[in-house]
Every structure is written in structure tokens, then in C-alpha cells.
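Engineer: coords please:
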Amino acid sequence: MAQVSRLRCDEAMALDPARLVVLYAELGQDAAERVISAAMEDLAGHLNMLEDAATIGHRTRLRRTIAEICVLAEQVGLTSMVRVARHLAQCVEQDDPIAQSAVMARLGRIAERSLTEVWDLGDLSS
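Structural biologist: Presented below is the predicted three-dimensional model:
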């Protein structure tokens, strides 16, 4: 009888809180919260665009969207998301659909945790 193993995907999420501190120091609380909120919304939209581009196999759109995700994630200190997005870019460049699918799933998990962490850290949900 075959044994079934359950794999737990639990990657440590890295956030650079210093980036948020800089935003708050440079812009003030209200403006920083608007910038962070806009970045979070843009990231969510770009993640959806990424899924759409992957579904139809549009490699140029994939590359462009990944680059935009990196810029937005760096803006608010989401270092894990940037790292995983760059891994995804490598998979696209190597034309490896299996790895691309796995890294897309990984990016989805990291994105969910990262976005929640930024909202909680900045207390932007209220």
C-alpha cells in the first residue's frame, strides 16, 4: 500500500519594517498610509494579472507584471515577495512550466502573508 505524505508549505516571510518607517518619516502618517494602501491594492491587482497572463501563456506580459510586482513590493518592504517574484521571473526565462506553476503557488502564499503583515504592521485595516 502506498503511503501518502502531506507536505506543509511554510516559508518564513521577510518584511523590511525600516522601509515603512522611512515612508512614514518622509510622508507623514496620512500620506504614508495612502501610499501603502495604494501599493497593496496595486499588488493585489498585479497578482491577478499575473495569474491571467500565466493562464494564457503570455510570457511578455508575465515578465512585465513580475517586474511591476517587484517594484511595488520593494516600495513597501516586502522582501520575501520580491525574492519569490524574481524566482518566478527565472522560471519564465527558462521556459519551465512545472517550476513556474510551483513558484506561482509559492508567490500566492507569500503574497497573502506579506499583504496581511503590512496591513497589520501599519494598522491600515482600520
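Engineer: Can you list the buried residues in stretch 53-71?
Structural biologist: 53, 54, 62, 65, 66, 68, 69, 70 (16 or more other C-beta atoms under 10 Å). (Each C-beta comes from the backbone N, C-alpha and C, glycine too.)
Engineer: And the furthest pair within those residues?
Structural biologist: 54 and 70 (16.3 Å; C-beta to C-beta).
Engineer: mind checking the longest helix of this structure?
Structural biologist: Counting residues, the longest helix found in the chain (DSSP state H) is helix 29-56.
Engineer: and whichever helix or strand comes after it, how far from the chain's centre?
Structural biologist: Remark: after helix 29-56, the chain's next helix or strand is helix 59-75, criterion DSSP states H and E. In terms of C-alpha atoms, centre = their mean, to the nearest Å, the gap separating the centre of helix 59-75 from the centre of its chain is 9 Å.
Engineer: Stretch 51-58 too?
Structural biologist: 17 Å.
Engineer: Restricting to C-alpha, output that stretch in PDB.
Structural biologist: Extracted in PDB, the C-alpha atoms of stretch 51-58 (Å, rounded to 0.1, in the frame of the first residue of the first chain):
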ATOM      1  CA  GLU A  51      -2.500  34.600 -13.000                       C
ATOM      2  CA  ASP A  52      -4.300  35.700 -16.200                       C
ATOM      3  CA  ALA A  53      -1.000  36.000 -18.100                       C
ATOM      4  CA  ALA A  54       0.100  32.600 -16.900                       C
ATOM      5  CA  THR A  55      -3.200  31.000 -17.800                       C
ATOM      6  CA  ILE A  56      -3.000  32.200 -21.400                       C
ATOM      7  CA  GLY A  57       0.800  31.700 -21.600                       C
ATOM      8  CA  HIS A  58       1.600  35.300 -22.400                       C
END
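Engineer: So for that stretch, mean pLDDT?
Structural biologist: For stretch 51-58, mean pLDDT rounds to 94.
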